[in-house]
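Asker: Got a predicted structure here, sequence first:
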Amino acid sequence: MLHPDPSAARRLLAVFLVLSTLFLIFVGAEVKSREAGLSVPDWPLSYGMLWPPMVGNVFYEHGHRTVAATVGLLTVILATWVSLTDPRRWVRRLSWWAVAAVCVQGLLGGLTVIFLLPVAISMSHGALAQTFLCLVAWLALAHGREWREGRAGADRGRARAAFRAGVAAVAAVFLQLLIGAWVRHTESGAAVSFFPTAPDGAWVPEFVNDQVVAQMIHRGFAVVVLLAVSRLAWRAARALPWARLHAAGLALLVLGQVLLGATIIWTLTDTFEGPVLAPVPTSLHVVNGAAVLMTCWLLTLRAWRASEA
Amino acid sequence: MLRQTLAVLVLTGLACSDAKGNDTAVDPTPVLDNTTTVTEPATVEPTAPAKNTGAAAVTGTIRFDGDAPERAPIDMSADANCVDGSPDTVLGPGIIRGADGGLADVFIQLTDVPDEKHKAPEEPVVLDQRGCTYAPHVFGMIVKQDIRILNSDATLHNIHAVPQRNKEFNVGMPEKGMEIDKTFKKAEDAITIKCDVHPWMKAYAFCLEHPYFATTAADGSFSLPTEGLPDGEYGVKLWHEVLGETTGSVNVAGGAGTFSFAWTR
């Protein structure tokens, strides 16, 4: 007789929450890409209403608020459910850390509106979004059989090496996301209008302002990220044969990220105010970056679990 | 008396230079319209120069000589109210040429004027949101003069000023017929005013310490008031959304003067 997995439904909710969070990050990225962040000038209400007319950029900003509220509600439901049914104390605590993160995230979102998008708050809002994604992804992983029961068969030495590579990769990707947020919120995305080389063959532009510096740091650090993530994928694939698909997916995501970054530059539109970024490739670059971070994080956790099993 | 009858208009502009700091397609060596000629030097009494007390003004025309890039129609489909409110096709920002190459929406101000206190007029400057565009597109005001912002559209707007020296503001105007008053307390050029709901909506406000400014009409002509301005030579600063900034000079006598200029590219 088959016994239903008692945590399967919770896991389903956690996975749904992860996907919803990725969608939320995409919608949030669209808000910035379309400069819609201040199209609703008040918070927490929108033009003094719960549901304003969804015209123009209000569609993006109020849509972002609505998806965010849904994700917040789902997080509270999951945390409550976990608290009532999961015997593991750390998982219960983790679920409430996720609730705290989503509340602070909502508050930061409100502050960006009230204080008219200060760079520090906007960057924090972006960084916390990625952190929240990692928290809920961990919750989803913790509800899987591999995590709950452990999986023997891994070479512990190799698993530990994969874990160490994972820590380095997660740190590198997170730092790159911060640099990306800096690029984005200082309007440096189009500061260098060529990739990889200028029409005259130059690889490096003249560093005429801080925006060019920010853009080139982001590009330069991408090489570090590529190496760190490739190392993790390689080591994880060797240490955890059952996670090879996960490792291969990570490699594809990071290559896709480089391609999306290049696409942003290749799709710049010239206007009299300067080059303008195309919204959708830019937003996809943001959400794919979040997916790279989450995938690194989950692979690192799996390596750690295997090394402890 | 002699001075008034011999009011001489001197057009110079020898000091014209491109002063904009960003990447616009401004010709680095703008060409002055030399069709206006100096007639005779003004006779100036050795005592303090007289001030204009009448209705005389600095007048002239700003032109654009060259091929203006075509302006793209604005896609307002994101808000059906904007489409309904603008039955005619609305073109995006760019070089708006009138008859004979006259250039609209150039802001002209005198510089190096006497450092006197000018009281802000009681009458506010009106900025209307109409057909999901701003009217006027480029305008000036005196420091601390009110801007009365109207919403004549059957849709919501936010009015978002992004100054560098003054205080930024962002206010919602969700209903037709709403109006609010706002004030800038410091002098500042080209303050961007925008609607984040409808990203094509932009206006530019100039907040000056003095009233010696004008914006060109659709045919490029302007009439810059000079009441209270002593005779003398003054700097002229021109600004255009696309073409950037350039400078020249004008002689004012009896409050009158002419200044014309042609941008080329």
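Answerer: Yep, that arrived. The structure presented is a predicted model; accordingly, all values stated were derived computationally and were not measured. Residues are numbered from 1 along each chain as shown, chains lettered A, B, ... in the order given.
Asker: rest of the way, CA atoms for contacts and neighbours
Answerer: Fine.
Asker: Let me see the contact set for residue 119.
Answerer: Chain wasn't specified; assuming chain A. A:182, A:185-186 (CA atoms under 8 Å, 6 or more residues apart in numbering or on different chains).
Asker: Let me rephrase: I mean chain B.
Answerer: Taking CA under 8 Å, 6+ apart, we find residue B:119 in contact with residue B:142.
Asker: Regarding it, what are the backbone dihedral angles?
Answerer: Here is the backbone geometry of residue B:119 (degrees, to the nearest 10): phi -70, psi 140.
Asker: contacts for stretch A:186-200?
Answerer: A:119, A:183, A:203-205, A:211-212, A:214-216, A:262, A:265-266, A:268, A:275-277.
Asker: who are the neighbours in contact with the residue nearest in space to the middle of chain B?
Answerer: With distances taken as CA atoms, centre = their mean, residue B:107 lies nearest the centre of chain B, 2.2 Å away. Counting by CA under 8 Å, 6+ apart, residue B:107 touches B:138-140, B:213-216, B:238-240.
Asker: For burial, what's the neighbour tally of the closest residue to it other than its chain neighbours?
Answerer: Setting aside the residues directly before and after it, residue B:107 is nearest to residue B:215 in space (CA to CA, 6 or more residues apart in numbering or on different chains), at 4.5 Å. Per other CA atoms under 10 Å in any protein chain shown, the neighbour tally for residue B:215 reads 24.
Asker: what's the distance between residue B:215 and chain A?
Answerer: Noted for residue B:215: a distance of 21 Å to chain A, by CA to the nearest CA, to the nearest Å.
Asker: Grab the longest helix from chain B for me.
Answerer: Counting residues, the longest helix found in chain B (DSSP state H) is helix B:80-85.
Asker: Would you mark the buried spots in that helix?
Answerer: Within helix B:80-85, the residues that qualify as buried by neighbour count (16 or more other CA atoms under 10 Å in any protein chain shown) are B:81-83, B:85.
Asker: for that helix, what is the average pLDDT?
Answerer: The predicted model assigns helix B:80-85 a mean pLDDT of 92.
Asker: got the contact list for it?
Answerer: Taking CA under 8 Å, 6+ apart as the rule, helix B:80-85 contacts A:55, B:76-77, B:130-132, B:153-155.
Asker: chain center to it: distance?
Answerer: Distance of helix B:80-85 from the chain centroid (CA atoms, centre = their mean, to the nearest Å) equals 28 Å.
Asker: repeat for stretch B:120-140
Answerer: 12 Å.
Asker: how far does that stretch stretch from start to finish?
Answerer: One end of stretch B:120-140 to the other measures 12 Å (CA to CA, to the nearest Å).
Asker: now what about it, what contacts it?
Answerer: By CA under 8 Å, 6+ apart, stretch B:120-140 touches B:82-83, B:85-86, B:105-107, B:141-153, B:198, B:200-208, B:213-215.
Asker: Repeat the analysis, applying 6 Å as the threshold.
Answerer: B:82, B:85-86, B:105, B:142, B:144-153, B:201, B:203-207 (CA atoms under 6 Å, 6 or more residues apart in numbering or on different chains).
Asker: ok, back up a step: show me which of the buried residues of helix B:80-85 is closest to residue A:283.
Answerer: The closest of those to residue A:283 turns out to be residue B:82 (CA to CA; 26.6 Å).
Asker: rewinding a little: and the contacts of helix B:80-85 as CSV, adding distance to residue A:173 and neighbour count?
Answerer: Putting those into CSV (distance: CA to CA, whole Å; neighbours: other CA atoms under 10 Å in any protein chain shown) gives the following:
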residue, distance to residue A:173, neighbour count
A:55, 36, 20
B:76, 39, 20
B:77, 39, 12
B:130, 47, 19
B:131, 46, 22
B:132, 42, 30
B:153, 46, 24
B:154, 47, 17
B:155, 43, 22
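Asker: just checking, which of these belong to strands?
Answerer: residue B:130 (DSSP state E).
Asker: Redo the contacts of helix B:80-85 as JSON lines? Include pLDDT and distance to residue A:47.
Answerer: Formatted as JSON lines, the contacts of helix B:80-85 follow (pLDDT from 0 to 100; distance: CA to CA, whole Å):
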{"residue": "A:55", "pLDDT": "97", "distance to residue A:47": "12"}
{"residue": "B:76", "pLDDT": "94", "distance to residue A:47": "21"}
{"residue": "B:77", "pLDDT": "93", "distance to residue A:47": "21"}
{"residue": "B:130", "pLDDT": "95", "distance to residue A:47": "19"}
{"residue": "B:131", "pLDDT": "95", "distance to residue A:47": "20"}
{"residue": "B:132", "pLDDT": "96", "distance to residue A:47": "18"}
{"residue": "B:153", "pLDDT": "97", "distance to residue A:47": "16"}
{"residue": "B:154", "pLDDT": "96", "distance to residue A:47": "15"}
{"residue": "B:155", "pLDDT": "97", "distance to residue A:47": "12"}
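Asker: helix/strand/coil for residue A:101?
Answerer: helix (DSSP: H, G, I helix; E, B strand; the rest coil).
Asker: What is the burial count for it?
Answerer: Residue A:101: 20 neighbours (other CA under 10 Å).
Asker: Can you check the pLDDT for the closest residue to it other than its chain neighbours?
Answerer: Among residues not flanking residue A:101 along the chain, residue A:132 sits closest, at 6.1 Å (CA to CA, 6+ apart). Residue A:132 is assigned a pLDDT of 98 by the prediction.
Asker: From the chain's centroid, how far away is the particular helix or strand that has residue A:132 in it?
Answerer: Counting by DSSP states H and E, the element that carries residue A:132 is helix A:119-142. Centroid displacement of helix A:119-142 relative to its chain, using CA atoms, centre = their mean, is 7 Å.
Asker: Which positions within the very next helix or strand once past that helix qualify as buried?
Answerer: Following helix A:119-142 in sequence order, the next helix or strand is helix A:145-149 (DSSP H and E). Within helix A:145-149, the residues that count as buried by 16+ other CA under 10 Å are residue A:147.
Asker: list the buried ones in the helix or strand just after helix A:145-149?
Answerer: Per DSSP H and E, helix A:145-149 leads on to helix A:156-185 as the next helix or strand towards the C-terminus. Residues A:156, A:158-185 are the ones in helix A:156-185 that count as buried (16+ other CA under 10 Å).
Asker: export the contacts of helix B:80-85 to JSON lines and tack on distance to residue B:174?
Answerer: Below are the contacts of helix B:80-85 laid out as JSON lines (distance: CA to CA, whole Å):
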{"residue": "A:55", "distance to residue B:174": "11"}
{"residue": "B:76", "distance to residue B:174": "18"}
{"residue": "B:77", "distance to residue B:174": "19"}
{"residue": "B:130", "distance to residue B:174": "13"}
{"residue": "B:131", "distance to residue B:174": "15"}
{"residue": "B:132", "distance to residue B:174": "13"}
{"residue": "B:153", "distance to residue B:174": "9"}
{"residue": "B:154", "distance to residue B:174": "9"}
{"residue": "B:155", "distance to residue B:174": "7"}
